[in-house]
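S.K.: Would you be able to build a 3D model of this:
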Amino acid sequence: MKIVVIGGTGLIGSKTVEQLSRQGHEVVAAAPNTGVDTITGAGLDAALADAQIVIDVSNSPSLEERVAMDFFETAGRNIIAAEVAAGVRHHVALSVVGTEHLQDSGYFRAKLAQERLIKASPIPWTLVHATQFFEFLRGIADSATDGDTVRLPHARFQPMAARDVAAAVAEVALGEPIRATIEVAGPEPFHMDTLVAQVLAWDKDPRRVIADPEAPYFGLQIDDSSLMPGPDARRGATDFDWWLANVPPPPARK
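M.R.: Next comes the predicted model:
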C-alpha cells in the first residue's frame, strides 16, 4: 500500500514514516526538502500518484494568523486537488486538542479553517487531535521567558511523546476513514508550570518557573479545560519520567 506523509521529514512525520515503513508499506515522505511543495504544488501530483492514503502532519512556518491561514488554506486546497486526481481513499490530518475552543488565537483559527476544508472535501477523512508533545515543553518555556523567569499558567494539560503521536496517526491511517475526530493524549495530566519546571531542572537550566494565573499560553488565556482531552481520548504508552530520562534534549540554549 502506498502512503504519502505530508511533512514526512519533521518531528512527527519522520516517526510516522519510520513506523509505517517497518510494517512493509510503501511510504513517501513529502516535504520541500524531498521536492514536494504543497504551497506551490510542485511535485505534489507525482508524489500522490497511485497513493491510497495521505497523512498530513505539516505545520505553518509561523503562528501569526495571516501566515498560518495562507499556509493551511493554500496547502489544503492543493492537497485535496492532488488527492482527487490520484483517487486517494483516506486523508488523515493531525491537529490539536481544543482547536475549536481556542479561537482567540489566529493560529487556531487557521487550524480550524484547515479542518473545515478537509471536512468539505470529497476525500474520506479522519482527524487526529493530539495534545501538546513532551518535545514541545522546552519551547513552551522559551515562549514564556522574561530574563531568568518563566511565567506560566497553573493550567492542566496532558502532553504526550512524539513517538506516541506518530503511532496513533499511523494506526488511524491504516483503519477505515470515519469522517470524525479522534483525540490522543498522554498517560496522565499535569500542571503546565510544574512540568516545565521539572524539565528545566533536569536540564540544569537556571531559569525559575513562576505560576501566574494571568500568564498567557502563546498569547491565549487558558484554564484547566482549555488543553485537556475528553474522557474517550486514546492514551499514549510513554510516561513522562521515561521520556525525560531517555529522549535526548535538543542543543543547549545560547
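S.K.: so Ala75 touches Thr40, yeah?
M.R.: No: counting by C-beta atoms under 8 Å, Ala75 does not reach Thr40; the two are 9.9 Å apart. (Each C-beta comes from the backbone N, C-alpha and C, glycine too.)
S.K.: who's more crowded, those two?
M.R.: For Ala75 versus Thr40, neighbours defined as other C-beta atoms under 10 Å are more numerous around Ala75 (24 against 12).
S.K.: can you pull the pLDDT of that one?
M.R.: You'll see Ala75 listed with a pLDDT of 98.
S.K.: Show the contacting residues for it.
M.R.: Contact analysis of Ala75 by C-beta atoms under 8 Å, 6 or more residues apart in numbering lists Ile6, Thr38, Ile39, Asp56, Ser58.
S.K.: Assign the last one to helix, strand or coil.
M.R.: Put plainly, it is Ser58. coil (DSSP: H, G, I helix; E, B strand; the rest coil).
S.K.: Assess the claim that it and Ala31 are in contact.
M.R.: Yes: using C-beta under 8 Å, Ser58 is in contact with Ala31, at 7.5 Å.
S.K.: what is in contact with these two at once?
M.R.: Common neighbours of Ser58 and Ala31 (C-beta under 8 Å, 6+ apart) are Ile6, Gly7, Gly10, Gly13.
S.K.: picking up where we left off before, which one of Ser58 and Ala31 has more residues nearby?
M.R.: Each of Ser58 and Ala31 has its neighbours counted (other C-beta under 10 Å); Ser58 has more, 28 against 21.
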